[in-house]
Each structure stands twice: as structure tokens, then as C-alpha cells.
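Colleague: Give the three-dimensional model of this entry:
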Amino acid sequence: MNIQKSVPISTASLDAKAWVQILLHYRQSSNIRAITEIAITLIPFVALWLLMWAALDVSYIATLLLAIPTAGFLVRLFMLQHDCGHGSLFENNSANNWVGRIFGVLTFTPYSFWQHNHAMHHAGCGSLDHRGIGDIDTLTLKEYRERSTWGQITYRIYRNPIVLFVIGPAYIFILQHRLPVGMMQRGWKPWLSTMGTNLAILLAATAIIWLIGFKEFVMIQLPVTMLAASVGVWLFYIQHQFEDTSWENASEWDRHDAALHGSSHYDLPAPLKWLTGNIGVHHVHHLCSHIPFYKLPHVLKDHPELYEVCRITLLESFRCVRLALWDQSQRKLITFQEARIALQQPA
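Modeller: Below you'll find the model as predicted:
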């Protein structure tokens with residue numbers, strides 16, 4: 001698979017930094033639009049959750065089927081929380097932060113803790129010297145070659161799709177987010193974010209369990225959380241893990257170039273674009289993260305030359321699952337099979 005990175009001459013005449021200046025005009029948020037988006041997301045989510053509860057008296061299979069759209073709306077709630085983290089959902093930053101914290105209870109994601117890690121991801125995305133925080137662990141071919149046999153095995157286990165998209169997401173959202181992992185010695189703020197969220201989750205869960213029962217709560221919430229977590233990690237994966245992405249050493253790394261050419265345009269069908277809050281327009285988002293999610297399609301409409309930049313369709317995205325290592329000589333992500341062939345060559 002070869003994701004097309006070449007773009008029309010009109011785009012080529014503008015470097016990534018110039019695009020940032022153009023995109024600044026789309027940053028204005030709307031409180032009315034924010035409230036509307038929250039309403040059309042939160043109300044269906046609660047209604048579907050209650051419908052899952054009612055379906056328990058009919059068939060658990062029906063409940064599990066309803067978990068799919070319920071998880072979809074939970075993903076959209078996370079995308080609203082994501083915009084809050086960038087200060088782009090509401091005009092007022094205080095409103096962004098408080099709404100983000102409330103949604104963090106529903107998404108099992110401590111808002112301030114996640115916001116810090118996500119900001120670090122944006123600050124170092126595409127830099128080989130700033131990997132490991134807020135992104136999918138990715139080794140270069142050289143680093144993989146220099147690992148021990150056991151080190152190579154553990155990395156292959158980590159990059160296994162079952163681990164990446166099933167076990168990993170469940171671990172992150174259910175367990176890892178309960179402690180400020182990686183920030184435990186950075187003062188009280190990470191602890192306040194995680195422990196405050198944990199307490200709110202505990203109180204909300206206790207109230208719901210008191211109303212409907214522990215077993216019923218788990219039968220409803222667990223599949224919804226696991227489905228939404230897997231979808232969330234998948235989206236994050238495909239946003240940067242595609243063949244012709246961009247990784248550079250610090251000396252050659254440019255933040256704006258990395259944003260434009262290291263982030264994909266995940267061109268999903270319209271219903272999925274809506275449920276995922278247009279997060280697939282990720283190259284534009286990384287160039288200017290303060291653009292509200294509902295304005296990202298307008299950017300592509302006004303500047304169609306950005307449409308084909310790092311574009312990946314839904315079908316093409318499934319082929320990206322096999323990619324695992326960054327080959328600096330070929331400047332692309334490669335599969336373990338391709339790595340095996342390369343490793344047979346002299347170092």
C-alpha cells in the first residue's frame with residue numbers, strides 16, 4: 001500500500017508553516033454550537049444506555065447489540081472531551097476544563113492528566129527523540145535489530161492486533177488511567193486529576209448500582225467501555241501509523257511538517273465521521289489544534305488541496321495493522337515480514 005503524499009502544485013507552493021497561518025481563521029468557537037453538540041451526543045448516549053438496561057429482561061444478545069451504538073456515542077463524548085482539552089469546544093477556557101472533567105468520568109479518562117500527556121504528544125509528534133508519551137510505541141528497524149531475541153519477541157507481542165486493540169485499550173481505560181502512570185513524582189496535580197476522577201466514577205457507579213444492581217451495571221458498562229476504548233485506540237493508531245508517515249531525528253524534525261505529513265486524513269464514511277467528531281481530519285488538527293472539530297470539514301471544503309494529503313480510506317486503513325517498524329533508509333513504516341528480509345542484510 002502506498003498512501004499518496006504528493007499534492008497539487010497550489011499546495012506544494014505553501015509550506016506547512018504557511019498553512020498554519022491560513023488555518024488560524026477557523027479557530028473561533030461557538031458556545032451555542034458546543035451546547036448543541038453536547039446535547040445531541042449525551043442524550044442519545046443516556047437513552048441507549050437505559051435501553052440496554054431494559055433489553056436485559058429480553059435478551060443479553062440484544063443488550064450487546066445495543067452496546068455498539070452506545071459505544072459509538074461514548075467515543076463521540078471522548079472527542080468532545082478532546083476538544084475541551086485543546087480549548088476549542090467553548091469560547092471560555094474554564095467551561096472547556098469543567099466540561100472536560102465531567103466527560104472524563106463517563107470516558108474513564110482523568111481530564112487534566114490526559115490533557116498534559118496529549119499536549120506532549122502534539123509537541124513531539126513525528127520526532128524520533130520524543131517518543132513514548134501519548135502515542136503508540138514504535139521502534140526503528142535499527143533499534144529492533146539491536147534488541148535481544150527476547151526484546152524483539154516482547155515488541156512483536158505488543159504490536160499484535162489483539163494486544164493493541166483489545167487487551168491494551170481495556171488496560172489503559174480501566175486500569176492505567178486509575179493512577180497517574182509516568183507522572184507520579186510530578187507533584188499533586190496529576191494525582192488530583194486521577195484520584196478526583198476515580199472518586200467521581202466510584203460515586204456515579206455506586207448510585208447506578210444501587211438503582212439497578214451490580215451485575216446489571218457490569219453487563220451494560222463493561223462491553224460499552226471496552227468497545228469504545230478499542231475504537232479510540234484504533235483511531236489514534238491510524239492517525240499516525242500509516243506507511244508514508246513522517247518520523248525525523250530532532251536535528252531534522254520540524255513540528256509543522258510533522259503535523260502535515262505525519263498525521264493522516266482518515267476519510268471515513270459520513271456516519272463514522274460524525275461519530276468520531278471529524279478526528280480523521282488529523283493532519284489539519286495537528287497543524288492547528290484549536291480549530292473546533294465541527295469546522296474541520298469546512299477547512300477541507302475551502303481548501304480541497306488538503307483533501308488528498310496523507311488520505312487513507314476505511315479499506316486501506318485495515319492494511320496498516322501489519323505495519324510495525326520505521327525504516328529510516330526507506331523513510332516508511334514496514335511490516336515484520338519486510339523487516340525480516342531487511343535484517344538478513346548487513347547492518
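Colleague: Every contact and neighbour count from this point should use C-alpha atoms.
Modeller: Will do.
Colleague: Can you show me the CA trace of the helix or strand where Y155 lies as PDB?
Modeller: Following DSSP states H and E, one finds Y155 within helix 149-158. Extracted in PDB, the C-alpha atoms of helix 149-158 (Å, rounded to 0.1, in the frame of the first residue of the first chain):
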ATOM      1  CA  THR A 149      15.700 -12.000  21.000                       C
ATOM      2  CA  TRP A 150      13.500 -11.600  24.000                       C
ATOM      3  CA  GLY A 151      13.300  -7.800  23.300                       C
ATOM      4  CA  GLN A 152      12.200  -8.500  19.800                       C
ATOM      5  CA  ILE A 153       9.600 -11.000  21.000                       C
ATOM      6  CA  THR A 154       8.100  -8.600  23.500                       C
ATOM      7  CA  TYR A 155       7.800  -5.900  20.900                       C
ATOM      8  CA  ARG A 156       6.100  -8.300  18.500                       C
ATOM      9  CA  ILE A 157       3.700  -9.200  21.300                       C
ATOM     10  CA  TYR A 158       3.000  -5.500  21.900                       C
END
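Colleague: which of the residues in it are buried?
Modeller: By 16 or more other CA atoms under 10 Å, the buried positions in helix 149-158 come out as 155, 158.
Colleague: which residues sit against stretch 26-42?
Modeller: 73, 76-77, 80, 88-91, 290-292, 295, 299 (CA atoms under 8 Å, 6 or more residues apart in numbering).
Colleague: go with 7 Å
Modeller: 73, 76-77, 88-91, 290-292, 295 (CA atoms under 7 Å, 6 or more residues apart in numbering).
Colleague: The helix holding Y155: what's the following helix or strand?
Modeller: Next along the chain after helix 149-158, with elements defined by DSSP H and E, is helix 161-162.
Colleague: Just after that next one, pick out the following helix or strand.
Modeller: helix 168-170.
Colleague: low pLDDT regions in the protein?
Modeller: Using pLDDT under 70 as the threshold, the predicted model of the chain has low-confidence ranges 1-14, 346-347.
Colleague: can you give me the offset of the helix holding Y155 from its chain's centre?
Modeller: 24 Å (CA atoms, centre = their mean, to the nearest Å).
Colleague: Could you do stretch 147-163 as well?
Modeller: With CA atoms, centre = their mean, you get 22 Å for stretch 147-163.
Colleague: now swap in stretch 42-59 and tell me
Modeller: 26 Å.
Colleague: could you pull out the helices for the stretch 151-300 of the chain?
Modeller: 161-162, 168-170, 189-212, 214-240, 255-261, 270-275, 282-287, 296-302 (DSSP state H, counting those that start in this stretch).
Colleague: In TSV, list the ones you listed along with distance to T63.
Modeller: Output for those, formatted as TSV (distance: least, CA to CA, whole Å):
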stretch	distance to T63
helix 161-162	24
helix 168-170	20
helix 189-212	15
helix 214-240	7
helix 255-261	40
helix 270-275	20
helix 282-287	33
helix 296-302	34
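Colleague: Between those, which one is closest to L141.
Modeller: Of all those, it is helix 214-240 that lies closest to L141, at 17.2 Å by CA to CA.
Colleague: Tell me how far the closest one lies from the chain's centre.
Modeller: 13 Å.
Colleague: between it and helix 189-212, how big is the angle?
Modeller: 140 degrees (axes from the mean of the first three to the mean of the last three CA atoms, to 10 degrees).
Colleague: Only the buried residues of helix 214-240, if you could.
Modeller: Those would be 217, 219-221, 223-240, for helix 214-240 by 16+ other CA under 10 Å.
Colleague: repeat for stretch 288-297
Modeller: 288-294, 296-297.
Colleague: And stretch 256-273, by the same measure?
Modeller: Buried residues in stretch 256-273, counting neighbours by 16+ other CA under 10 Å, are found at 256-268, 273.
Colleague: try stretch 108-119
Modeller: 108-115, 117-119.
Colleague: now these as TSV including distance to A339 and secondary structure?
Modeller: Converted to TSV, the buried residues of stretch 108-119 look like this (distance: CA to CA, whole Å; DSSP: H, G, I helix; E, B strand; the rest coil):
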residue	distance to A339	secondary structure
F108	37	coil
T109	36	coil
P110	38	coil
Y111	38	helix
S112	39	helix
F113	36	helix
W114	33	helix
Q115	35	helix
N117	30	helix
H118	30	helix
A119	32	helix
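Colleague: The closest residue to R311 other than its chain neighbours and L64: what is the separation?
Modeller: Using CA to CA, 6 or more residues apart in numbering and skipping the chain neighbours, the partner closest in space to R311 is H265 (4.4 Å). According to CA to CA, to the nearest Å, H265 and L64 sit 31 Å apart.
Colleague: likewise F217?
Modeller: For F217, the distance to L64 - CA to CA - is 13 Å.
Colleague: what does I201 give?
Modeller: I201 is 22 Å from L64, by CA to CA.
Colleague: cool, and Q152?
Modeller: 37 Å.
Colleague: Can you get me a residue count around T140?
Modeller: 18 (other CA atoms under 10 Å).
Colleague: and if you look at L64?
Modeller: Neighbour tally, L64, other CA under 10 Å: 18.
Colleague: and whichever strand or helix holds W98, what does it pack onto?
Modeller: Taking DSSP H and E as the definition, W98 sits inside helix 93-107. Applying 3 or more CA pairs under 7 Å, 6 or more residues apart in numbering; DSSP states H and E, we find helix 93-107 packed against helix 60-85, helix 111-124, helix 189-212.
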